[in-house]
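how would this look folded up:
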Amino acid sequence: MHDCLQVQDIVDLIFTRVDQDSPARIGKQDLLSLALTCRDFQETALDILWHTQTNLVQLIKTLPRRSWTEEPDSGFDRTFKLDSDSLSEDDLARFFFYSRRIRQIRYLPYIWHLDAPYDFRALRALWKKRANKTIPLFLNLQRVEFVDIRHASPCLDIFLETKSISLSLYWSESDDDVWRLFDTIEEHALNMQELDLGALQVSTKTVICKHLSHLVLRMADLRGLCCGSRNLSIPALQHLASLPYLRTLQTANTPSDILHSLQSMPSKSFFPELHKLDMAVDDFSSFVDLVHMLRPMQLQDLTLHSAKTPSATQFHRAFTALKQASKNQSNFLRIVVKYSWPNIRQSPPILSDIIIDGSTLEPLLSFKNLTVIDLDMPFKIELGDTQLMAMADSWPNLQRLHLGALSGWHLPLLITFRGFMYLLHKCRQLEYLAFAFNASSDIPLLSEIPAACTNRNITYLFVGDSTVTESSRSHVAEFLGHILPNLSGIGGAWLYNQSDTFPPRHREWEWVVNSMKKSSRPEYLSIQPH
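Got it, this is the predicted structure:
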């Protein structure tokens, strides 16, 4: 007989089904109905409904209708006003009843308000109206994100009243007004745990950002810092290295910069709890020296951005250093190495003197729980079934495998369909695959392919410079349709190079895609970029 379900078990079942399996609007209506009709479900339902907000209009509209106006009633260009003088203590209590449930705000202006973020004006009025100035408006807020920094200015201080909040600002090169926000952060939130200033873009500029460096020096409780494309000063880097709980660091500073800053510090453990590192690399030899200085490391996630291509020997030394310096190799989950190339529509030129083979990557086989291997660098790759099978055996939890440039390996391809099958068999969680293989090798009979080789997670396949012949293309289509039944597209070298050598290859793969499209499966396939 089954065990009796507790109330919370029933709540989890209902809300998992309603919230995830229903269309967004219908699902929210069902949740609201449950919240209004069943006291046992009310708190959980409301927490789900209010957890993440994209603006504050709906929150303000929980106040009595007499206190706010929106004109006109329809159309895009509306105005929104709040009469805070008409609000009673009970009205404010109602506002707090809902605002305390908001955990995350990913701010975008309300779709009907084209001229200005009227919700921020109303929020400022509420902030002034509250009786107890020591209680923040958003008692349990954990994270605020602003895609446009201009939207952060009106009310950032209100959000930062909630202690230990995480803040994300997408700071572009043209955003000069961000310094004012730094002043607000310094005044209200030096105890902030996470500050995210956007993605790292490797630049030739190496100017130190004195404003950000000054702010970082004042923040003692940081758990995560993403500097965008800004460089920090030596004192700021030294401060980060000494923080006991810093777990995430993304910086445009290079290993050479960090080495220089650490050498003048007293000998001790640097970055003791760092789990995720995302950084620009100017020289892989300096990276190796940095890894040795940081040992033993707690790293689980490493992303390197390089505008230079290391030699195979430097690559091997870097991976060996990671292997030797990792305190617990089983904790390492992601390794990403990206080549910084300005033209996203064209693959960088392949360096003819750099060849990566199995021995270069061998140190990575020690990291048994890797989920992501992404080596997007413009070098030639020489791997066969033996090396691919060793990877599959070593990384059973692999979800993403990207080896080499998307334009291909530019050497005779040695991986066969049997190696391909073995990879799918051993790595059951694979979702993304970009590698080159010999598409003219012997194709196993469909009846001989074990069911365990079928992967339904992969929807797009990058084949690089793999070549399909006219005589084998029908068998290739049958094989891929069998082992990758949810495949919706194929990409390769032709998407990134306009050389005259690619149109024939493009046409054969197009034939493969069209053949799969004509099969009984309803999915649409294409050869467009994913």
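
Only C-alpha atoms from now on, for both contacts and neighbour counts.
OK.

burial count for W127?
17 (other C-alpha atoms under 10 Å).

which SSE is it in?
Using DSSP states H and E, W127 falls within helix 118-129.

ok, now how distant is the residue nearest to A125 when sequence neighbours are not counted from L126?
Leaving aside its sequence neighbours, A125 sits nearest to S84 (C-alpha to C-alpha, 6 or more residues apart in numbering; 6.3 Å). From S84 across to L126, the span is 6 Å (C-alpha to C-alpha, to the nearest Å).

tell me the mean pLDDT for whatever helix or strand A241 lives in?
According to DSSP H and E, A241 maps onto helix 234-242. Average pLDDT, helix 234-242: 96.

And the residue nearest the centre of the chain?
By C-alpha atoms, centre = their mean, the chain has its centre lying nearest to A199, at 9.7 Å.

correct me, but that one touches L225?
No. At 11.3 Å, A199 does not count as touching L225 under the criterion of C-alpha atoms under 8 Å.

Now do the end-to-end distance for stretch 292-309.
Stretch 292-309: ends 21 Å apart by C-alpha to C-alpha.

and it, how far out from the chain's middle?
Relative to its parent chain, stretch 292-309 has a centroid offset of 18 Å by C-alpha atoms, centre = their mean, to the nearest Å.

now stretch 508-523
For stretch 508-523, the distance to the chain centre is 31 Å (C-alpha atoms, centre = their mean).

Show me what counts as buried in it.
E508, W509, E510, W511, V512, V513, N514, S515, M516, K517 (16 or more other C-alpha atoms under 10 Å).

In what element of secondary structure is I381 found?
Using DSSP H and E, the element containing I381 is strand 379-382.

Okay, now the sheet partners of that strand, with direction.
strand 351-357 (parallel) (DSSP bridges).

List the buried residues for the strand it pairs with?
Residues I354, I355, I356, D357 are the ones in strand 351-357 that count as buried (16+ other C-alpha under 10 Å).

ok, those vs S285, which is closest?
Closest approach to S285 among the buried residues of strand 351-357 (C-alpha to C-alpha): I354, at 16.4 Å.

So the closest one sits against S311, correct?
Yes. With contact defined as C-alpha under 8 Å, I354 counts as touching S311 (6.0 Å).

Need the residues that contact the strand holding I381.
Applying C-alpha atoms under 8 Å, 6 or more residues apart in numbering, the external contacts of strand 379-382 come out as 309, 350-352, 354-358, 404-405, 409-414.

Now do that strand: distance to the chain's middle.
How far strand 379-382 lies from its chain's middle: 27 Å, per C-alpha atoms, centre = their mean.

Using PDB, list the CA coordinates for it.
In PDB, the C-alpha atoms belonging to strand 379-382 read as follows (Å, rounded to 0.1, in the frame of the first residue of the first chain):
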ATOM      1  CA  PHE A 379      43.800  24.400 -34.100                       C
ATOM      2  CA  LYS A 380      43.800  21.100 -35.900                       C
ATOM      3  CA  ILE A 381      42.600  18.100 -34.100                       C
ATOM      4  CA  GLU A 382      43.800  14.500 -34.500                       C
END
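
Just checking, which helix or strand succeeds it along the chain?
helix 385-394.

helices or strands up against the helix or strand L277 falls within?
Element membership for L277, per DSSP H and E: strand 276-281. Other helices and strands packing on strand 276-281, by 3 or more C-alpha pairs under 8 Å, 6 or more residues apart in numbering; DSSP states H and E, are strand 248-251, strand 301-306.

Next, the angle strand 301-306 makes with that strand.
For strand 276-281 against strand 301-306, the angle by axes from the mean of the first three to the mean of the last three C-alpha atoms, to 10 degrees is 10 degrees.

Contacts for strand 276-281, please.
Strand 276-281 is contacted from outside by 200, 202, 247-255, 287, 299-307, using C-alpha under 8 Å, 6+ apart.

The same query, at a cut-off of 7 Å, please.
Under the contact criterion C-alpha atoms under 7 Å, 6 or more residues apart in numbering, strand 276-281 has outside partners 202, 247-255, 299-306.

mind listing the strands for the stretch 101-250 of the chain?
For the stretch 101-250 of the chain, the strands defined by DSSP state E, counting those that start in this stretch occupy 104-107, 143-146, 166-169, 194-196, 224-226, 248-251.

hmm, back to that, counting contacts, what elements does the helix holding A241 pack onto?
When contacts are defined as 3 or more C-alpha pairs under 7 Å, 6 or more residues apart in numbering; DSSP states H and E, helix 234-242 packs onto helix 210-218, helix 255-263.

between those helices, which one is nearest to G492?
Once the helices and strands packed on helix 234-242 are compared by C-alpha to C-alpha, helix 255-263 is nearest, at 33.5 Å.

Extract the C-alpha set from that closest one and format it as CSV.
Written as CSV, here are the backbone C-alpha positions of helix 255-263 (Å, rounded to 0.1, in the frame of the first residue of the first chain):
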residue,chain,number,x,y,z
PRO,A,255,46.9,35.7,-15.1
SER,A,256,49.9,38.0,-15.4
ASP,A,257,48.0,40.8,-13.6
ILE,A,258,46.9,38.5,-10.8
LEU,A,259,50.4,37.0,-10.4
HIS,A,260,51.8,40.4,-10.1
SER,A,261,49.3,41.4,-7.5
LEU,A,262,49.8,38.3,-5.4
GLN,A,263,53.6,38.3,-5.4
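
So what's the gap between that helix and the chain middle?
27 Å.

Give me the buried positions along the helix or strand harbouring T44.
Element membership of T44, judged by DSSP H and E, is helix 39-50. The neighbour-count check on helix 39-50 (16+ other C-alpha under 10 Å) flags F41, Q42, T44, A45, L46, D47, I48, L49, W50 as buried.

Kindly report the same for stretch 394-413.
Those would be 394-410, 413, for stretch 394-413 by 16+ other C-alpha under 10 Å.

re earlier: relative to S440, which of the buried residues of helix 39-50 is nearest.
Nearest to S440 among the buried residues of helix 39-50, with distances taken as C-alpha to C-alpha, is I48, at 52.2 Å.

any idea how far L63 is from that closest one?
Per C-alpha to C-alpha, I48 is found 20 Å from L63.
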